[in-house]
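[1] structure, please.
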Amino acid sequence: MMKMSLQVHHKKKLNVSWEKTFTAKISMLPKSLPSNQKLLIHLRTVIVLQGFQNPLKVVYSHSKTPSTKSSSRYIPQAPDRILDAPDILDDYYLNLVDWNANNILAVALNDTLYLWNATTGTIERLFTLEGNDYICSVSWMTEGATHLAVGNSLGSVQLWDCTTMKSVRKMTGHSARVSSLCWNSYVVTSGARSGVINHYDVRQRDYQVATVSGGHTQEVCGLKWSPDGKYLASGGNDNMLCVWPVAGGEKHSQPQPLYSFSAHQAAVKALSWCPWQPNILASGGGTADRTIRFWNCNTGMCLNTLDTKSQVCSLQWSSTYKELVSGHGFSNHQITIWRYPALSKVSYIKGR
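    Numbers count the residues shown, from 1 in each chain. Now for the predicted structure:
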């Protein structure tokens, strides 16, 4: 088994700080052969003491940030910390990390879910699945940031209260693994390898409030609700990008897509809605595509296309700087910051 690690890049706070956003990607980082795999994450966080080691043997290392003048903007070129992640699954279609508003990172390592507190440096094991089951997706509830949805390989979604470290409920309904999750208030939306999308209202006894099929013929590997809750974007291994309107007076989508875009030439996993223009969606394609496309979902028009030269694994907007961060896999394994809407390159971090 390959040795895996988690790299954390620190965004130094200057005159204006980044929002609490992150960009994550799984990528092979070759030197001569791909003997190491690292998960790169951009975020704003609190520095843990150098050499800190917890009882679960996840080691944090800190590379000191060079001093800069207060008027300048420092963009690091090296990880702030490296966390060992020996059992993380090498599967492009899964979504195995998620950061919440309380500065806690959920990380799925095969069948076990860990919570890393970036403020205190502590790590806790939330649970381990039984048998041959493994974790396929994780997503924090946006309201309160204390409840975590976890999708598994057997087709169910578990809801965990991470303040009490207890399972709240288990929701079934998929016939295949649940590879993507996202929230719209109290409704968690799940996408499966079967191409089916389910909506679960976690407050109700009869939790499955809607099922959507027909938009995708292969695995749904990307899901994102728009900030205003009006649209759901879904990306699949069938190279399709679908935009679903919200059902009137509800928190789940309508059964038919508003748009079905086939412009990407590979799987569409990376999705991100613009926080200051909630009708603008950025989507990224896989290895055979390598592009980021920008869509106006009020009109259905593609506003621009950007060739990144690498597989697009993740996208995250920064409202502070009006920029977009993209995380990449094969072939350059880079992280790039783009100025929007000019799409000029602000900074480039090469994978190693």
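[2] can we go C-alpha only for contacts and neighbour counts from here?
    OK.
[3] so where does residue 303 fall, helix or strand?
    Secondary structure from DSSP states H and E places residue 303 in strand 301-307.
[4] buried residues, that strand. List them.
    Within strand 301-307, the residues that qualify as buried are residue 302, counting by 16 or more other Cα atoms under 10 Å.
[5] repeat for stretch 215-229
    With burial defined by 16+ other Cα under 10 Å, the residues of stretch 215-229 counted as buried are 215-227, 229.
[6] re the thing from before, helix or strand right after the strand holding residue 303?
    Using DSSP H and E, the next helix or strand after strand 301-307 towards the C-terminus is strand 312-318.
[7] so what are the domain limits for the protein?
    In the assignment given by the TED database, the structural domains of the chain cover 80-262, 270-351.
[8] relative to residue 72, which of the ones you listed is closest?
    Shortest separation from residue 72 across the domains of the chain is recorded for domain 270-351, at 13.6 Å, computed as Cα to Cα.
[9] so how far is the first residue of the closest one from its last?
    With Cα to Cα, to the nearest Å as the measure, domain 270-351 spans 18 Å from end to end.
[10] pull the helix or strand with minimum mean pLDDT from the chain.
    Confidence across the helices and strands of the chain bottoms out at strand 23-28, with a mean of 34, counting by mean pLDDT, DSSP states H and E.
[11] residue contacts, residue 77?
    Shown in contact with residue 77 (Cα atoms under 8 Å, 6 or more residues apart in numbering): residue 349.
[12] for it, helix, strand, or coil?
    Here residue 77 is recorded as coil under DSSP: H, G, I helix; E, B strand; the rest coil.
[13] ok, it to residue 336 distance?
    Separation of residue 77 from residue 336 (Cα to Cα): 11 Å.
[14] that older thread, make JSON lines out of the domains of the chain and add distance to residue 73 and mean pLDDT.
    Written out in JSON lines, the entries for the domains of the chain read as follows (distance: least, Cα to Cα, whole Å; pLDDT from 0 to 100):
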{"stretch": "domain 80-262", "distance to residue 73": "16", "mean pLDDT": "96"}
{"stretch": "domain 270-351", "distance to residue 73": "11", "mean pLDDT": "96"}
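[15] dump the ones you listed to a markdown table, plus distance to residue 72.
    Converted to a markdown table, those look like this (distance: least, Cα to Cα, whole Å):
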| stretch | distance to residue 72 |
| --- | --- |
| domain 80-262 | 19 |
| domain 270-351 | 14 |
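[16] and the strand holding residue 303, what other elements does it pack with?
    Secondary structure elements in contact with strand 301-307, counted by 3 or more Cα pairs under 8 Å, 6 or more residues apart in numbering; DSSP states H and E, are strand 291-296.
[17] buried stuff in the strand it packs on?
    Under the neighbour-count criterion of 16+ other Cα under 10 Å, strand 291-296 has 291, 292, 293, 294, 295, 296 buried.
[18] how close does the second one get to residue 263?
    This means residue 292. Distance, residue 292 to residue 263, using Cα to Cα: 11 Å.
[19] this completes my enquiry, with thanks.
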